[in-house]
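In: return atomic coordinates for the entry below.
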Amino acid sequence: MATIEERLTALERELTALEQENAALRKSDELQTIALRALATKDEFTKLRDTNNNIFDALINHDQLTNERLGDLQTQVIELDGKIMGLQAETHLGFKDMQNQLIELNGKIAGMQVETRQGLKEQDKQIAGLSSEVATQGQKLDQMLVMLTTLVPKPE
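Out: This is a model prediction of the structure:
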């Protein structure tokens with residue numbers, strides 16, 4: 001039979017082997033725990049990716065809708081710009097027509113003023129002629145009056 005010292009040495013060896021085996025099991029346990037956590041994280045990551053994909057799809061749809069609306073608004077703005085330019089052209093033509101009519105009326109007014117001045121000059125000549133005739137008639141009347149006064153005896 002083995003001595004106590006041999007038994008103690010064998011037990012110590014067995015204890016060291018068990019401790020090493022225990023350390024290896026702990027390491028293995030830690031690696032398995034990490035692997036399980038990674039799997040759980042991978043599943044969560046997959047769920048998160050799916051959620052993000054859904055959000056991105058919603059954003060893409062929203063962007064498409066917004067772009068369509070902006071395109072419609074841009075089309076309306078372009079149409080309104082065309083209408084405004086048309087109205088501006090019509091207004092410009094209307095102002096030109098009014099300006100031409102005013103020029104024409106100014107020409108007619110100037111012509112009428114010339115005719116009126118000529119008519120007034122003729123009337124002035126006629127009035128001057130009548131004035132001279134009246135003056136002549138007045139002189140004749142004065143002469144007649146003088147003759148009559150000489151013919152009529154003076155009351156004494």
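
In: in the protein, which residue is closest to the centre?
Out: Val77 (8.8 Å; CA atoms, centre = their mean).

In: secondary structure element for that residue?
Out: In the assignment (DSSP states H and E), Val77 maps to helix 4-151.

In: what about that helix, average pLDDT?
Out: The average of the pLDDT scores along helix 4-151 is 89.

In: OK, contacts around Ala35?
Out: Listed by CB atoms under 8 Å, 6 or more residues apart in numbering, Ala35 has no contact partners. From N, CA and C alone the C-beta is placed, and that goes for glycine too.

In: check whether Ala2 sits in a helix, strand or coil.
Out: Classification of Ala2 using DSSP: H, G, I helix; E, B strand; the rest coil returns coil.

In: and it, how far from Arg13?
Out: From Ala2 over to Arg13 the distance is 13 Å, taken as CB to CB, to the nearest Å.

In: next: Gln123.
Out: Using CB to CB, we find Gln123 at a distance of 157 Å from Arg13.
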